[in-house]
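Chemist: The sequence and its predicted three-dimensional model are supplied below.
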Amino acid sequence: MKFNKEKALSTSVFIIRVTLGIIFILSSIPKIKQPYDFLASIYNFEIAGPKLGMLVAMSLPWAELLAGICLVGGVFVSGALLVCSAMGAMFVFVIVSALVQGLKISCGCFGSSSTDVIGYYTLIRAGTILIFAFAGYLMLIIKTPKAKI
């Protein structure tokens, strides 16, 4: 039985995109339902001021939802993986910032009912999202046939 590189890449991208899509959809719903709780979570990180915090609270959950729907639905997958990579990088940055500051706060990743305090597990989770989103993007680029000029 011969190893099929293209089939392996397609399967890997499929698993990554559906898994990340579900994660982003599930994390967006509580934030959309309770925007003020999410805004409070943003302010707890002590990074964003009032205007930037409001902008993030209004746009981030919808970006997560849209990216998740695109990934699960297989629409604009490369763009959605790139957006998820950017959000993953942002998540890593704010979690590292909170750890450096010694903040004992909930990440707000899955809504205000989430009681997990930011720690190295949260950082590993955010880093894993970043790595898988970017790896999926790179695999998609490798898999896509090049245009002949």
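Modeler: Good, I have the coordinates.

Chemist: rest of the way, CA atoms for contacts and neighbours
Modeler: Fine.

Chemist: which other helices and strands contact the lengthiest helix in the chain?
Modeler: Once the chain is assigned using DSSP state H, the helix that runs over the most residues is helix 5-33. With contacts defined as 3 or more C-alpha pairs under 8 Å, 6 or more residues apart in numbering; DSSP states H and E, the packing partners of helix 5-33 are helix 50-73, helix 120-143.

Chemist: Which elements pack onto the last one?
Modeler: The reference is to helix 120-143. Against helix 120-143 (3+ C-alpha pairs under 8 Å, 6+ apart) you get helix 5-33, helix 77-101.

Chemist: For Ile47, see how far away Thr11 is.
Modeler: In this view, Thr11 and Ile47 are 39 Å apart by C-alpha to C-alpha, to the nearest Å.

Chemist: Count residues in the vicinity of Lys7, would you?
Modeler: Other residues within reach of Lys7 by the criterion other C-alpha atoms under 10 Å amount to 11.

Chemist: for Tyr43, that is, sorry about that
Modeler: For Tyr43, the count of nearby residues is 17 (other C-alpha under 10 Å).

Chemist: pretty sure it is touching Gly49, no?
Modeler: Yes: Tyr43 lies in contact with Gly49 (C-alpha atoms under 8 Å); the separation is 7.4 Å.

Chemist: residue contacts, Ala89?
Modeler: Shown in contact with Ala89 (C-alpha atoms under 8 Å, 6 or more residues apart in numbering): Ala126, Gly127, Leu130.

Chemist: let's go with 6 Å and repeat that
Modeler: Shown in contact with Ala89 (C-alpha atoms under 6 Å, 6 or more residues apart in numbering): Leu130.

Chemist: Could you list the low-pLDDT ranges of the protein?
Modeler: Scanning the chain with the threshold set as pLDDT under 70 gives 1, 112-115, 146-149.

Chemist: separation between the nearest residue to Ala57 once chain neighbours are set aside and Cys109?
Modeler: Excluding its sequence neighbours, the residue lying closest to Ala57 (C-alpha to C-alpha, 6 or more residues apart in numbering) is Leu39, at 5.3 Å. If you measure Leu39 against Cys109 using C-alpha to C-alpha, the figure is 12 Å.
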